[in-house]
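Visitor: structure for the following, please:
(chains A and B)
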Protein chains: 2
Amino acid sequence: MDRLTIVKVGGKVVEEPELLDQLLDNFKTITGNKMLVHGGGKAATRLAERLGVETRMVDGRRITDLETLEIVTMVYGGLINKRVVAGLQARNLNALGLTGVDLDLVRARKRPVEDTDYGYVGDIEKVNSRELRFLLSENVIPVVAPLTHDGNGMILNTNADTIASRLAIEFSNFFKVLLFYCFEKRGVLADPLDENSVLGELSETECITYQESGVISSGMIPKLFNGFRALHNGVSEVLITNPENFFKGRGTRLVRT
Amino acid sequence: MDRLTIVKVGGKVVEEPELLDQLLDNFKTITGNKMLVHGGGKAATRLAERLGVETRMVDGRRITDLETLEIVTMVYGGLINKRVVAGLQARNLNALGLTGVDLDLVRARKRPVEDTDYGYVGDIEKVNSRELRFLLSENVIPVVAPLTHDGNGMILNTNADTIASRLAIEFSNFFKVLLFYCFEKRGVLADPLDENSVLGELSETECITYQESGVISSGMIPKLFNGFRALHNGVSEVLITNPENFFKGRGTRLVRT
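Guide: Okay, the predicted model is just below:
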């Protein structure tokens, strides 16, 4: 099977021109099929502020009312996505920016209201890889913004880590998939205060232990959960890494227990 | 040759939910390959206002400083584009929203400063239809937002009428292309005060006469210029029409002199 590398990058990296340039230079060196999934939360929060729209988060997830949905559609689908695409085009990489709405890539349903009403937030139901697989064979590089749709015309806000994981699982039916989560640290730290305590490997069992002892912070939990889910569902390799190291394959490698 | 219908719709139509629904219902009835090109100027102006960014227009063209470029990237590439795509997906039409940046679809160069500095406005140099042609053959419906790029990472703002015309010309190498410009009126009016004075046909010679006598308003001139340019460069049919009539082929038909 051909190899496909899916790189998920967080908001900060794609929002600052210098970090974005570095990221894209590094991304270019990856051989084989590749895809980018990006966030953009910080820019969305900043635009919300300028528009006088309150940002409310629960467990790191954005409560998405209709106004917030417009904001994330503009920021994720427009501003960030097209900047990344323009940057890749400038490097002679034929990028296509899209959301889960486009090509019916990611279908979701609005999250049911339980303890919290998350608003227009989508839980993924189905990934359709058909058209993207052809485009990959034509050396196109998909750049995916974290929006999905319900098939009835409603756009939904969906966590980018989750989208990356679900795309990785779907594409693992057709490719040997490597999934790289880029964030600020060089990997998962055994000691949160020591940047050099990067774990070379992490199993789900160890992860639960670290979580219980408070070593792994709450912000990392969904990312790791998504990573293990991918690893248990056909994805060959999952790495927690940063924009300086992902293309070298350095970081914390998730391993099957 | 297969037929390809390119429908250009103005800002107002795609910005109001009810008008957009009607447009998409009508668009769905068009048989054969089809593509949508949209504007979004009114929504961009509204967002600029909310953000306290001044909107400056010269001859109907938006002066695009860096802040305005961010706004149109968000509004055209994000908000409007994804709304249209979600609406088409809800109608079981497999739409792909994109800008001229994506797939290197429309390359432009920043307009040189002469009398007016338009800022980050792009004059089209090249259209690349390769990937879209494949996607059309897979029944994908491209939805194009009026942004282009210079190949060096700079996104540029480009008039949607011009993009529609240039796409129509490029695709006429591979398809029998019909180009429909939808705006508020049922067509070009012989008497601006009489909505029923729609011209059935209009040649470029007649157009110049009408223009000199002031019958055709200044706002229509670039649209008609783009239409005639398409007609003289391989496009089979150009129609000036509105969202209620375009799919019936009713409106003012541009004819070769």
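Visitor: give me the neighbour count for whichever residue of chain A sits closest to chain B.
Guide: Chain B sits closest to A:Gly78 of chain A, with a gap of 2.5 Å, by Cβ to the nearest Cβ. Glycine gets a C-beta too; all of them are placed from N, C-alpha and C. Other residues lying near A:Gly78 total 30 when counted by other Cβ atoms under 10 Å in any protein chain shown.
Visitor: show me where the stretch 51-200 of chain A has strands.
Guide: Ranges of strands in the stretch 51-200 of chain A, per DSSP state E, counting those that start in this stretch, are A:57-58, A:61-62, A:95-99, A:106-110, A:122-127, A:141-145, A:147-149, A:155-157, A:176-182.
Visitor: which one of those strands lies nearest to B:Ile169?
Guide: When the strands of the stretch 51-200 of chain A are compared by Cβ to Cβ, strand A:95-99 sits nearest B:Ile169, at 22.4 Å.
Visitor: partner strands of the closest one, with direction?
Guide: When sheet partners are counted by DSSP bridges, strand A:95-99 sits next to strand A:141-145 (parallel).
Visitor: average pLDDT for the partner strand?
Guide: Mean pLDDT, computed over strand A:141-145, is 98.
Visitor: what are the contacting residues of that strand?
Guide: Residues from elsewhere that reach strand A:141-145 (Cβ atoms under 8 Å, 6 or more residues apart in numbering or on different chains): A:34-38, A:40, A:76-77, A:80-81, A:84-85, A:88, A:93-100, A:105, A:132, A:135-136, A:163-164, A:167.
Visitor: separate out the buried members of those.
Guide: Buried members of the contacts of strand A:141-145, counted by 16 or more other Cβ atoms under 10 Å in any protein chain shown: A:34-38, A:40, A:76-77, A:80-81, A:84-85, A:88, A:93-100, A:105, A:132, A:135-136, A:163-164, A:167.
Visitor: so which of those are in helices?
Guide: Mapping the buried ones among the contacts of strand A:141-145 onto helices (DSSP state H) picks out A:Asn81, A:Val84, A:Val85, A:Leu88, A:Leu132, A:Leu135, A:Leu136, A:Ile163, A:Ala164, A:Leu167.
Visitor: with pLDDT and distance to B:Glu15 as added columns, please give these in a markdown table.
Guide: Compiled in a markdown table, those are given as follows (pLDDT from 0 to 100; distance: Cβ to Cβ, whole Å):
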| residue | pLDDT | distance to B:Glu15 |
| --- | --- | --- |
| A:Asn81 | 98 | 21 |
| A:Val84 | 97 | 26 |
| A:Val85 | 98 | 24 |
| A:Leu88 | 98 | 30 |
| A:Leu132 | 98 | 29 |
| A:Leu135 | 97 | 30 |
| A:Leu136 | 98 | 34 |
| A:Ile163 | 98 | 28 |
| A:Ala164 | 98 | 32 |
| A:Leu167 | 98 | 31 |
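Visitor: nearest to B:Pro222, out of the residues you listed: which one, please.
Guide: Each of these was checked against B:Pro222 using Cβ to Cβ; the closest is A:Val85, at 27.3 Å.
Visitor: still on that earlier bit, the closest residue in space to the residue of chain A closest to chain B that isn't next to it in sequence and B:Val85, how far apart?
Guide: Closest residue to A:Gly78 apart from its sequence neighbours, by Cβ to Cβ, 6 or more residues apart in numbering or on different chains: B:Gly78 at 2.5 Å. Separation of B:Gly78 from B:Val85 (Cβ to Cβ, to the nearest Å) stands at 11 Å.
Visitor: swap in A:Ala44?
Guide: 20 Å.
Visitor: run through who's touching the helix or strand bottoming out on mean pLDDT in chain A.
Guide: Ranking every helix and strand in chain A by mean pLDDT, DSSP states H and E puts helix A:11-15 at the bottom, with a mean of 81. Identification of contacts with helix A:11-15 by Cβ under 8 Å, 6+ apart yields A:19-20, A:23, A:38-44, A:80, A:83-84, A:182, A:184, A:243.
Visitor: go again with 7 Å.
Guide: A:19-20, A:23, A:38-43, A:80, A:84, A:182, A:243 (Cβ atoms under 7 Å, 6 or more residues apart in numbering or on different chains).
Visitor: does any part of the next helix or strand after it sit near chain B?
Guide: Moving toward the C-terminus from helix A:11-15, the next helix or strand (DSSP states H and E) is helix A:17-28. No - with Cβ under 7 Å from any Cβ of the partner chain as the criterion, chain B is not reached by helix A:17-28; the gap is at least 8.7 Å.
Visitor: would you mind naming what in the stretch 101-250 of chain A lies close to chain B?
Guide: Contact residues (Cβ under 7 Å from any Cβ) of the stretch 101-250 of chain A with chain B: A:101-104, A:131, A:134-135, A:138, A:140, A:147, A:149, A:151-155.
Visitor: distance between stretch A:4-14 and the chain's centre?
Guide: How far stretch A:4-14 lies from its chain's middle: 6 Å, per Cα atoms, centre = their mean, to the nearest Å.
Visitor: now do that stretch: distance from first to last residue.
Guide: 21 Å (Cα to Cα, to the nearest Å).
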